[in-house]
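**Student:** pasted the sequence and its predicted model underneath.
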Amino acid sequence: MSEQSPLNPMASTSSQLTPEQIRLNMLGLTSDSELVDFEAQLVSTPEIADVAKEVAPDAFVAKVKRFYDELRGRTRRSRREGK
Amino acid sequence: MHTTSVSLLERLAQTGDNSDWQKLLFVYRPFIEKVVSGYPALASEADDVAQDVMLVLMRELPVFQRQRMGSFRSWLRQVTVNQLRMALRKTRRGSPVQGADGATLDPVEELADPHSVESQQWDEEHDRVVMQRVFDLVKPTVQEKTWMAFERYVIHDEPAQKVADELGLSLNSVLLAKSRILRSMRLEAKGLVDE
């Protein structure tokens, strides 16, 4: 029987973790039962961090990035102007 | 934050819980009022027109969710256009004006056209108010340090290990912060913004 993550008994073992699984996790596209415990994986698969770094943002993440900066800038301006 | 994978729109269509309706009103009523205020003939009635739009939403949302033809954003625009037309008809002040080239300029019809500049502005402003709400909803559900990790790693593209080291977190925590916060945001925004 294969080793299982302590965070999630359904999670894949490090040897089974695929770039696609990492991608889905890094984009927040998983359910609770599919969430990978990266720490458990990192012990034997240190390249996960490298793979995670390469995950390109999808349309939603791009939207989050754009609006977060824009809205934060707007809030700061409002505070500065005393609105 | 909701731990189930049921979005606000799905909950509204299924159970119509009062707190969920309040959420929808909180997000959309100011947005609709702002749009209506942009029509000089209706500026003093923005509150009433927005109220009418929200009433249609409450009545028709379960049907929209069942049939699901097109995006919520477009459907909301159409509902708003219909209410604007009715309101302008009542005021009798909504006569189309002539443009420089002699063509008729009807601002409501411009908004009704999915390819117009007005529609594109509607989409942009709609997504902006929804995302603001998503940030407001998700941020208080995580620890400050977790949010900082998310902000630096996801928004500002700083290396995960650097963020972890400087915030005194494990690399795992930084990666999980990204995963969990994005998942929560997707859930709150599901069905409201197009992906």
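**Tutor:** Nice, thanks for sending it over. Everything numeric here is computed off the predicted structure, so don't read it as measured data.

**Student:** okay, helices next: where are they in the chain?
**Tutor:** Since no chain was named, I'll use chain A. A:19-26, A:38-44, A:48-53, A:59-80 (DSSP state H).

**Student:** sorry, should have said chain B
**Tutor:** For chain B, the helices defined by DSSP H cover B:8-14, B:18-37, B:46-67, B:72-91, B:107-112, B:117-138, B:144-150, B:160-167, B:171-189.

**Student:** if we can go back for a sec, pick out the shakiest of the helices of chain A, pLDDT-wise.
**Tutor:** Mean pLDDT across the helices of chain A is lowest at helix A:38-44; the value there is a mean of 62.

**Student:** gap between the nearest residue to B:S74 once chain neighbours are set aside and B:L42?
**Tutor:** Nearest residue to B:S74, sequence neighbours excluded (CB to CB, 6 or more residues apart in numbering or on different chains): B:P114, at 6.7 Å. From N, CA and C alone the C-beta is placed, and that goes for glycine too. Note on B:P114: its distance to B:L42, by CB to CB, to the nearest Å, is 22 Å.

**Student:** give me the more crowded residue out of the two.
**Tutor:** More neighbours sit around B:L42 than around the other of B:P114 and B:L42, counting by other CB atoms under 10 Å in any protein chain shown; the figures are 22 against 13.

**Student:** got the buried residues for stretch B:38-48?
**Tutor:** Taking 16 or more other CB atoms under 10 Å in any protein chain shown as the neighbour-count basis, stretch B:38-48 is seen to contain the buried residues B:Y39, B:L42, B:E45, B:A46.

**Student:** now those residues as CSV including pLDDT and distance to B:V108?
**Tutor:** What follows is those, written out as CSV (pLDDT from 0 to 100; distance: CB to CB, whole Å):
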residue, pLDDT, distance to B:V108
B:Y39, 87, 7
B:L42, 86, 10
B:E45, 89, 14
B:A46, 91, 14
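
**Student:** and of the residues you listed, the nearest to chain A?
**Tutor:** The closest of the buried residues of stretch B:38-48 to chain A turns out to be B:A46 (CB to the nearest CB; 20.2 Å).

**Student:** pull the contacting residues for the closest one.
**Tutor:** B:A46 makes contacts with B:E33, B:K34, B:V36, B:S37, as judged by CB atoms under 8 Å, 6 or more residues apart in numbering or on different chains.
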